[in-house]
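K.L.:
structure here, sequence nowhere to be found:
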DNA sequence: TCTGGGGTCCTAGGACCC
DNA sequence: TCTGGGGTCCTAGGACCC
């Protein structure tokens, strides 16, 4: 059996775990730049605030009633790690799916015993991390995902819901479920399915898998098999490194200045290179993109990207910075108000398996070795002493492009200066 | 004024080859 | 008049996820 374990309104729960005053209040967590609401407490949902609602479109009355926080990814990432440590106590196979969801595999349980086991899991997560969790149990991922949803909506499940592939309960649930509510079926696919008369999850389950594959894709065919209880979605190998690395941000304020774009892309490139080294890869190419704000229809729109191949596969920040500079120069146009830019590292390969070129001479090897040692030292210092303790180029302060995050809470668990404080009355 | 960021997989279609 | 067929590889873009 597969369990999908997720934290209820995860970001909100992280905030509440460290500030109990937030219990019972409508609480929301905002995306980067304080742009949209990306996590909502039950109370905020009840006020009718939609997922992804832009902050500036919320009615003033709702803004006054609720607590809206900037996102604190250092905190959420650390709490997520702690939750998964607890999960590992309950099963040897835990697959991290996202910051707030993990698939946990169980085998060898008697009927009934598994649900009790998952209840204990839930209670332990709550007690050790402060995060309330829901557990959806089923033979396949698509069904486990669905079972997990039921723990949120249906009273009586007490946080754990088991769906067998062929039980009466499962059939009833599928008959009432719009096909668009399934994991892997979003708007586009749902619209096409509806045109063909498939509106419920049950109807999709009954459809001919081969026909679904021909008319749609193998992806949707797998969903059909999963609904029938045959597991087809493979366990992802977490040791697999990322195939590309992207760092991008919207600006706090629009900017037309090349200098701003240069500074922002340099910062993104620095972060991307750090991620690249952390996963032990080398990049063969760099992509830079820029764009104006598509929501401002009055403004002239411009979006472009450019790829620059690196002279050799590498992970050193200066080479990547040079390529980024070249790419940005190729696409920057005067007279536009830019809203966002990003840096993507492409064509990644395993650093261990990098092959020496036939044209190499010993000086190349020496140069690479120096660069490796320099980067390792840099990463070590920045890890121990804080981000950007040592960096390339001049520091920038108060840039137009810096993020807005005015309501961020403390990084309680990852920053010595921001530990939680308690007062006695 | 103000609208997120970071990924994956799949498919279609073009380029190219014999 | 009549101009093949089959395969691989690569890329861009679509769709989806949280």
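P.N.:
Ah, there it is. This is a predicted model, so every value here is computed, not measured.
K.L.:
so the closest residue to residue A:271 other than its chain neighbours, which state does it fall into?
P.N.:
Distance criterion C-beta to C-beta, 6 or more residues apart in numbering; nearest residue to residue A:271, sequence neighbours excluded, is residue A:247 at 4.6 Å. In short, each C-beta sits where N, CA and C put it, glycine included. With DSSP: H, G, I helix; E, B strand; the rest coil as the basis, residue A:247 sits in strand.
K.L.:
in the sheet, who's paired with residue A:247?
P.N.:
residue A:343 (DSSP bridges).
K.L.:
could you confirm residue A:104 falls within a helix?
P.N.:
No. Per three-state DSSP, residue A:104 lies outside any helix segment and is strand.
K.L.:
still on that earlier bit, how many residues are close by the residue nearest to residue A:271?
P.N.:
Residue A:247: 19 surrounding residues under other C-beta atoms under 10 Å.
K.L.:
please apply the same query to residue A:244.
P.N.:
Counted by other C-beta under 10 Å, the residues lying close to residue A:244 total 14.
K.L.:
now do the one 5 residues further on
P.N.:
Neighbourhood size, residue A:249 [other C-beta under 10 Å]: 17.
K.L.:
state the distance from it to residue A:289.
P.N.:
As for residue A:249, its distance to residue A:289 is 12 Å (criterion: C-beta to C-beta, to the nearest Å).
K.L.:
shared neighbours of those two, which are they?
P.N.:
Contact criterion C-beta atoms under 8 Å, 6 or more residues apart in numbering; residues shared by residue A:249 and residue A:289: A:341, A:342.
K.L.:
which elements pack onto the lowest-mean-pLDDT helix or strand in chain A?
P.N.:
Lowest by mean pLDDT, DSSP states H and E among the helices and strands of chain A is strand A:349-350, with a mean of 86. When contacts are defined as 3 or more C-beta pairs under 8 Å, 6 or more residues apart in numbering; DSSP states H and E, strand A:349-350 packs onto strand A:281-292.
K.L.:
is it true that the residue nearest to residue A:271 touches residue A:276?
P.N.:
No. Applying C-beta atoms under 8 Å as the test, residue A:247 and residue A:276 come out as separate, 10.2 Å apart.
K.L.:
if we can go back for a sec, any part of the least confident helix or strand of chain A near DNA strand B?
P.N.:
No. Strand A:349-350 stays clear of DNA strand B (C-beta under 7 Å from any atom of the strand), getting no nearer than 13.3 Å.
K.L.:
the strands in the stretch 251-400 of chain A, which residues?
P.N.:
With strands called from DSSP state E, counting those that start in this stretch, the stretch 251-400 of chain A shows them at A:281-292, A:303-314, A:338-346, A:349-350.
K.L.:
could you save these as a markdown table and add columns showing distance to residue A:6 and mean neighbour count?
P.N.:
As requested, the strands of the stretch 251-400 of chain A are exported to a markdown table (distance: least, C-beta to C-beta, whole Å; neighbours: other C-beta atoms under 10 Å):
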| stretch | distance to residue A:6 | mean neighbour count |
| --- | --- | --- |
| strand A:281-292 | 29 | 21 |
| strand A:303-314 | 34 | 16 |
| strand A:338-346 | 28 | 23 |
| strand A:349-350 | 32 | 13 |
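K.L.:
distance to residue A:105 added to these, as a markdown table?
P.N.:
What follows is the strands of the stretch 251-400 of chain A, written out as a markdown table (distance: least, C-beta to C-beta, whole Å):
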| stretch | distance to residue A:105 |
| --- | --- |
| strand A:281-292 | 28 |
| strand A:303-314 | 36 |
| strand A:338-346 | 32 |
| strand A:349-350 | 27 |
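K.L.:
got any ranges where chain A has weak pLDDT?
P.N.:
Applying pLDDT under 70 to chain A flags residues A:235-239, A:354-360, A:395-401.
K.L.:
DNA strand C contacts on that one?
P.N.:
Taking C-beta under 7 Å from any atom of the strand as the contact definition, chain A meets DNA strand C at A:97-101, A:145, A:182-190.
K.L.:
can you pick the most crowded of those?
P.N.:
Ranked by the number of neighbours (other C-beta under 10 Å), the residues of chain A next to DNA strand C place residue A:182 first, at 25 neighbours.
K.L.:
residue contacts, that one?
P.N.:
For residue A:182, the contact set (C-beta under 8 Å, 6+ apart) comprises A:142, A:145, A:146, A:201, A:204, A:223, A:227.
K.L.:
do you know how far it is from residue A:424?
P.N.:
Distance of residue A:182 to residue A:424, computed by C-beta to C-beta: 51 Å.
K.L.:
helices of the stretch 151-300 of chain A, residue ranges please.
P.N.:
For the stretch 151-300 of chain A, the helices defined by DSSP state H, counting those that start in this stretch cover A:168-176, A:187-195, A:201-206, A:209-215, A:218-227, A:258-278.
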